[in-house]
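Engineer: got a predicted structure here, sequence first:
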Amino acid sequence: VEGLWIFPQSGSDPVRQTDVAFVAGQGIEGDRYFLGNGTYSVLPEKGRQCTLISADSAKKALADAGMQVANIGTLRRNVAVRGLTGKELLDAVGKEVYIGDCTVFVHRNCVPCMYNERKNGVNGLMEALWDDAGISCEVVKSGRVRLGDSVRIAAGENDTARINHPKPASFFVRPSKRPAADVKAKYADAAKLRAELEKTDPEGVRRLEGAYNSVGLRFFPRSSEKEDLSENGLRLEVMTALLVPVAVVLGVLLVSRIK
């Protein structure tokens, strides 16, 4: 473990730590997703409890693109590791990872977003880091993690049946390669998504939109898919990286109500 950071609330700067407490089923003590006040807390998923990133691969990807950030913590991941590549972390989706005294389960690739790019003030950051932005994990065994602790990926097959997140396959397609048709298809249900979220967590909706607005972005697109969504120079194709999988989230909300 090379770096440890918590973010006390949505949009807050990274706070570097020397050791942190991982709590099973909740996340990292003091972090925004542990506290329930993160930018995306309105869209809960188990993998938001902890994020890991390969310091080696992230720095190389940035260097190859002629970019740099103040430090790896500004990429808004909790744990930076050395000795494991970004690809090795991505290949760990569906496996447990042992960090210090605790264990996490990897649910998905933690793809970068335009919000993160704007926070860092580095144009092209999202595209450059697409395959090296880390992984989203659930804490399954409580414990402490300290700088210098070992990180080990469990051996054996990936347990795909255990993976739990609402993202469709298109969410993980690099924005520059995503068909415009896929982008427009999501706009029709955007108003419905917001309406559903307003019923369950109106404060979370305001927090999410406030975070995006603070860097000149919109999380929810305009009501008409024919409107110009290139506000602040943002291309339509890139805007898709900001959109949640509307149909899937709506389905999750409906199922939860039935239960």
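Structural biologist: Cool, the structure landed.

Engineer: just the helices in the stretch 101-250 of the chain please.
Structural biologist: Using DSSP state H, counting those that start in this stretch, the helices of the stretch 101-250 of the chain run over 114-120, 125-128, 180-187, 190-200, 202-213, 236-239, 246-258.

Engineer: ranking these by mean pLDDT, which is last?
Structural biologist: Of all these, helix 236-239 carries the lowest average pLDDT, namely a mean of 40.

Engineer: touching stretch 59-70 from outside, list them.
Structural biologist: 72, 75, 86, 120, 122, 124, 125, 128, 129, 131, 132 (CB atoms under 8 Å, 6 or more residues apart in numbering). Any C-beta I mention is one placed from the backbone N, CA and C, and that applies to glycine too.

Engineer: 7 Å - rerun?
Structural biologist: 75, 120, 122, 124, 125, 128, 129, 132 (CB atoms under 7 Å, 6 or more residues apart in numbering).

Engineer: which of those count as buried?
Structural biologist: 75, 120, 122, 125, 128, 129, 132 (16 or more other CB atoms under 10 Å).

Engineer: how about the fifth one, what does it touch?
Structural biologist: Residue 128 makes contact with 61, 62, 65, 67 under the criterion CB under 7 Å, 6+ apart.

Engineer: so which two of those are the farthest from each other?
Structural biologist: 61 and 67 (8.4 Å; CB to CB).

Engineer: how about the strands in the stretch 51-200 of the chain?
Structural biologist: Using DSSP state E, counting those that start in this stretch, the strands of the stretch 51-200 of the chain run over 79-81, 96-99, 102-109, 135-141, 143-146, 151-153.

Engineer: gap between stretch 136-143 and the chain center?
Structural biologist: 16 Å (CA atoms, centre = their mean, to the nearest Å).

Engineer: no more questions from me, cheers.
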